[in-house]
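Q: sequence and predicted structure are below.
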Amino acid sequence: MTDVLQQLVNGLSLGALYALIAVGYTVVYGIVQLINFAHGEIFMVGAFGSLTVWLVLGRSSGSTSLWLLPLMLIGGVIASVGVALLTERLAYRPLRHAPRLAPLITAIGVSIFLQEFVRLFYGSIPGFPNARSALPYPQIDFVTGPALDLGGVVVQRAALFTLVALAVCAVILYVFVNRTRLGRAMQATSQDPDTSRLMGINVDRIIMVAFALGAALAAVAGLAWGLRYTNVDFRIGFIAGLKAFTAAVLGGIGNINGAVLGGLVLGVVEVLATSYIPGTFGGSAWKDVWAFVLLILVLVFRPQGLLGARVVDRA
Amino acid sequence: MSTAFQPDAPGLDRGAASDDRAVLVASDVTMRFGGLTAVDSVNFQVNRGEIMGLIGPNGAGKTTFFNCLTGLYQPTSGRVMLNGKLLPPKPRKVVMAGMARTFQNIRLFGNMTALENVMVGRYCRTSAGPFTSIIRGPKFRREEAATRQRAQELLDFVGLGTTTDSLARNLPYGDQRRLEIARALATDPQLLLLDEPTAGMNPQETRQAEELIFKIRDLGLAIVVIEHDMRFIFTLCDRVLCLVQGRTLIEGTPAEVQSDPRVIEAYIGTGPEDAADLEKELEA
Amino acid sequence: MSRPVLVSAAAQERHGGHGRLAALVGAVVLVLSGLLPWAYSFEALDGMTLPVNPSPLQVMGMVLGLLVILGLLGPRLLPARRGRLTVGWLRAARAAGLGAFVFMLLIVISIAAELGGLVNVEYGGWVALVGALLAFAGTRLVAPGPQSTLYAARTRAWLELLAIVVVMAAALVGIAYALDNDDAGLFVSFLAFAGALLATLSGLGVMAWLSAIAQRRRQVLILAAFVVAFLFPFTQDGSDANMSIATQVIIFAAAALGLNIVVGLAGLLDLGYIAFLGAGAFTAAVLSRSAFATLDWHPPFIVVVLISGLVSATLGLVIGTPTLRVSGDYLAIVTLAFGEIFRITMINLDGEAGPNLTRGSNGIPAIPDLTLGSFSFGRPHELLGIPLGRFSNYYFLLLVVIALIILVFSRLNDSRIGRGWVAIREDEKAAEAMGVNVFGLKLFAFAGGAFLAGVAGAVKAHQDVSVTPDQYVFLQSGFLLAAIVLGGMGTVLGVLVGATLLILLPEKLRFVAEYRLLLFGLTLIVMMRFRPEGLIASKRRQLEFHEDDEELAGRIDDQIQPSAALKGATA
């Protein structure tokens, strides 16, 4: 029993990471019907952003004090939101009315560009390490360290941090989307941008807010990732992004609650597949395959996802 | 019009019709969405060489009923028979069974020429597969030439003979509507459904549309027209069905429907002045 | 999407005269400067140090200057008259002016880079640059003038055939020149010259005329192209270096053409296409006579090719059947996921995580060369007195393969199936409502493209000698897609150009090898912003990407009409 619980906890904490990133995909898709291929890289940039803060503030003293955490978070958010807004403004906005293929190709271009940019130029900032291979991520006190034992279930602190972070973000997200003007404007825009415009909503601004929102959550995920896996690498965006999109679709594209649920479900499925699928196709070598098989099954048998999609058919 | 245009082409499955002239028979068609009954027990029959009108105020379930007729929706109860056989559930099979339609908001293939648009309509009546297309034997050439010729004939038929190589998106609005009809005719239908064919047209264009529809009728097709332009409907149609709130209000000849006060009431309201105004307009 | 405007129309009206004068002066200066030394040392580019003895690049500079002059004086020499076709003189002048400036900039930068400093640019080079700058600035002040209508010209048959031959010969010479040199600066400058030349010809209207000829004389053109391609190895004087690049280009182009059927014709966004190429390659590897082959069955090559194609096609059917019913956006991600599944599966079939089929990440190396009867592709041999190496052998085989793929592509495009695909791209629901078998056509495109990829992969396995999973990663799908998107979707020539550029540029521009991918990503972004239909786009694609451009629609309508009169029965 504790074994199953253990796997569940592992799965949920992994899923929390996916959930945080998935929200970014789903919110952007809901409003502009663009699969922001580069969102995985936004997550990666967020991770590097928080790392950078530590490199500037903490590295010299070797400190891993907890007070650094909020600063790192802010740094990560600034980095990811900044990059997201830049890409929206420069790369995506001019293509808003182009056929679907153009923004998608652009997104792929942005993704490749960002990966390479970090890989090539991170090390050229004086004093910064070269990012061509994985960089160690500071293990901040209290949120990392010896694992906790809760009734026989071993919970890594970083995993707990991730879950708590998701919970907090989910609450903030809920309040924002449902209780603030901006949030309601976002909902309106995602349902009918033309009418929203007629109601006086600045659709361009709302789209920027959507991008920023997704990016901020991705930065949180970046921080959590670094704490959990103890290093960051310019490549982490690709697979994490793909899985997060799977999660978004699984929960129902355009549906924020769906993205969160989908992320958690995906994490659990992945962990269970690793541990419980017997024989040749089990184990960690095949876990990614199972995650993608799940994506395909969902799209074929229930394309609207678990909680129902929230996208207006613009055909 | 040459003999090439054959709505009765061999190979089209006509099936055994209950009434030898009936092309489309809708019996007791009901459409429910959850708790809402959009269409309630509507009966409808169209015969060969007949033009049926379908009218009703907005929200009357016209579009929903129309979608049941075209196979887009499956009726919750009741059934639709095309040529004596149950209407297939897929739009493509519906076309192959002999029913074609145009769209309310024109859906042409804008970046194809007029001729190419009509040629696409011939897709379901031709059969050149990948191997034939790659090897290009005599069968392929014959079929391509026949497709091209037939498309040109249809363009001539609807009066667009000179626009063969113009891009569909560059054509004037009235021509675009006619092109849509030509494209639908290319599928060799026995039943043609026209969804608000005169929307946005001036009186002259409307008259031209009338003439075209009569020409199509004279070929032996059955036609169903949804419209809001009352004068158009009453000039054109042999019989008219008026739907209000999902139910059949009245079905009959234009004269019968026109003079029924309930029809006027359904559209305008119950004020006596309004009714008088509308009557005057209808008589004009 | 609007193109950026440098000089307003009002400014052009007011200063047009000054602009013309300045441009003329600048162009003359540029032409004369060709007779002056441009570089301090002979090592820079192609040796531009001798006065009155222009190097090839200097001649190119002079040519661009002459083109500017021609464009500006053209309206005087051949005034426009009613009933006469319009030549786009001024547009040509503007293109040449811009091209000349870019060209000279690159030359100056290259000289500086190669010799270590701008001080090494001789006075002649500076004079040329100033001349080019004047020409550029001056032509910006000149209004573009009317569009050319040369495409409507009715020319004699012999003239058209001659034009085709001339173009082919020029292409051959140009490609040989570009390939022969290892100097990056020279390569880039030559590209700039070629681009400027093409843009100028386009402004004059010559390109549209050539394109109309190409439509009419398609058979001749294709024949001529293949003759040229066939002759290419013989110009290499026995060296196999360029042939290696050439074979890579052809395989890449063949795969890209297969993808073009999926993406360009049917409009399906397939991001996992590389998996089909990989499946074909692994199949061929496993069935080969390599010491590491994991199956003990070695059928003849023709059979292997067919099996590879069928394996990939089956994979395509398996993937396509469930996923082609979902919307286009999802299709992209799903195919990407499948690509990853393929890659991971290939790595895992190493005997530990799965049955040993592919030897995991080591892959299958030491694949022997193909043999047809007693002829081994690996052995160099002689033909007509000219030695041909290993890569030349594969080159000829690949010419055959790509000829077949091009044949399939163009015949499908111009048929009932091709029309169905265009209809699906335009309006899927309307197409369905008109009786088009949407799902069937999509599946056919998907599986058909996969089949072609499998075939290409089989040849690739033998040519690469070894097959490993990391040759078939998502980035490769990205490159294939880029070849199509950048070169020009929906056209064979466009894809060929795209493939050539994508393989050639990294080879020739070794100095940017570090930044290769960075520039690649940037190129994608920029191209999609300013020319999403690609470099050589079919007219229809241009229309699709510029939906709001009324003027373009009208222009293309006019261009279609005259050629219709010449259209006979379907070829």
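A: Noted; the coordinates are in hand.

Q: and for the residue of the stretch 201-350 of chain C found nearest chain B, the neighbour number?
A: For the stretch 201-350 of chain C and chain B, the shortest gap (Cβ to the nearest Cβ) falls at C:I261, measuring 10.8 Å. To be clear about C-beta, it is placed using only N, CA and C from the backbone, and glycine gets the same treatment. Using other Cβ atoms under 10 Å in any protein chain shown, C:I261 has 27 neighbouring residues.

Q: help me confirm that it is found in a helix?
A: Yes. Counting by DSSP: H, G, I helix; E, B strand; the rest coil, C:I261 is found in a helix.

Q: so how far is chain B from the most centrally placed residue in chain C?
A: Residue closest to the average C-alpha location in chain C (Cα atoms, centre = their mean): C:V497, at 1.2 Å. Separation of C:V497 from chain B (Cβ to the nearest Cβ, to the nearest Å) stands at 23 Å.

Q: all helices of the chain, in order?
A: I went with chain A, as the question did not name one. A:2-32, A:39-57, A:68-87, A:101-121, A:157-179, A:181-191, A:193-198, A:203-229, A:236-251, A:256-276, A:287-301 (DSSP state H).

Q: other chain: chain B
A: B:62-69, B:91-96, B:114-121, B:130-135, B:138-158, B:173-185, B:203-218, B:230-236, B:254-259, B:261-267, B:272-283.

Q: ok so, going back, can you pull the contacts of the residue nearest to the centre of chain C?
A: Contact analysis of C:V497 by Cβ atoms under 8 Å, 6 or more residues apart in numbering or on different chains lists C:G487, C:G488, C:L535, C:I536.

Q: need those residues in a markdown table with distance to A:G222 and neighbour count, can you?
A: What follows is the contacts of C:V497, written out as a markdown table (distance: Cβ to Cβ, whole Å; neighbours: other Cβ atoms under 10 Å in any protein chain shown):
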| residue | distance to A:G222 | neighbour count |
| --- | --- | --- |
| C:G487 | 36 | 26 |
| C:G488 | 39 | 26 |
| C:L535 | 38 | 18 |
| C:I536 | 42 | 22 |
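
Q: about what we covered before: return the most buried member of the helices of chain B.
A: Of all the helices of chain B, helix B:114-121 has the most neighbours on average by mean count of other Cβ atoms under 10 Å in any protein chain shown, namely a mean of 27.

Q: from the middle of its chain, how far away would that one be?
A: The chain centroid and the centroid of helix B:114-121 are separated by 18 Å, computed with Cα atoms, centre = their mean, to the nearest Å.

Q: check residue 115 and give its pLDDT.
A: By default, I'm working from chain A. Per-residue confidence (pLDDT) for A:Q115: 93.

Q: not what I meant, chain C
A: 82.

Q: residues touching it, list them.
A: C:L115 neighbours (Cβ under 8 Å, 6+ apart): C:A39, C:Y40, C:S41, C:E43, C:A44.

Q: same question, A:A102
A: Going by Cβ under 8 Å, 6+ apart, A:A102 touches A:L95, C:M528, C:P532, C:F545.

Q: before we move on, back to that, ok, now how distant is the residue nearest to the centre of chain C from C:L486?
A: Distance, C:V497 to C:L486, using Cβ to Cβ, to the nearest Å: 9 Å.

Q: next, show the common contact partners of these two.
A: Shared contacts of C:V497 and C:L486 (Cβ under 8 Å, 6+ apart): C:L535.

Q: quick check: next helix or strand after the helix or strand where the residue nearest to the centre of chain C lies?
A: Following DSSP states H and E, the helix or strand that holds C:V497 is helix C:492-508. As assigned by DSSP H and E, the chain's next helix or strand after helix C:492-508 is helix C:516-530.

Q: give me the angle between that next one and helix A:101-121.
A: 150 degrees (axes from the mean of the first three to the mean of the last three Cα atoms, to 10 degrees).

Q: and helix C:516-530 with chain A, contact?
A: Yes. Helix C:516-530 lies within reach of chain A by Cβ under 8 Å from any Cβ of the partner chain, at C:L517, C:L518, C:F520, C:G521, C:L522, C:T523, C:L524, C:I525, C:M528, C:R529.

Q: quick one: which of the residues you listed is most hemmed in?
A: C:M528 (29 neighbours).

Q: what's the closest residue to that residue other than its chain neighbours in contact with, if anything?
A: The shortest distance from C:M528 to any non-neighbouring residue, by Cβ to Cβ, 6 or more residues apart in numbering or on different chains, is to A:T106 (4.4 Å). By Cβ under 8 Å, 6+ apart, the residues touching A:T106 are A:A91, A:Y92, A:L95, C:L524, C:I525, C:M528, C:R529.

Q: distance of the third one relative to chain C?
A: Using Cβ to the nearest Cβ, A:L95 is found at 7 Å from chain C.

Q: how many other residues sit next to the residue of chain C found nearest chain B?
A: Chain B sits closest to C:G435 of chain C, with a gap of 3.0 Å, by Cβ to the nearest Cβ. Neighbours of C:G435 under the rule other Cβ under 10 Å: 26.

Q: surely it meets B:C124?
A: Yes. Using Cβ atoms under 8 Å as the test, C:G435 is close enough to B:C124 to be in contact (3.0 Å).

Q: now for the two: what residues contact both?
A: Counting by Cβ under 8 Å, 6+ apart, the shared contacts of C:G435 and B:C124 are B:R92, B:V95, B:M96, B:T187.

Q: including distance to chain A and pLDDT, could the residues you listed go into CSV?
A: Formatted as CSV, the shared contacts of C:G435 and B:C124 follow (distance: Cβ to the nearest Cβ, whole Å; pLDDT from 0 to 100):
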residue, distance to chain A, pLDDT
B:R92, 17, 88
B:V95, 19, 91
B:M96, 23, 91
B:T187, 22, 94
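
Q: just these that are near chain C?
A: Among these, the ones lying near chain C by Cβ under 8 Å from any Cβ are B:R92, B:V95, B:M96, B:T187.

Q: which stretches of chain C have low pLDDT?
A: C:1-5, C:238, C:353-354, C:373-374, C:538-542, C:547-552, C:554-571 (pLDDT under 70).

Q: outline the domain layout of it.
A: C:9-216, C:231-537 (automatic domain parsing).
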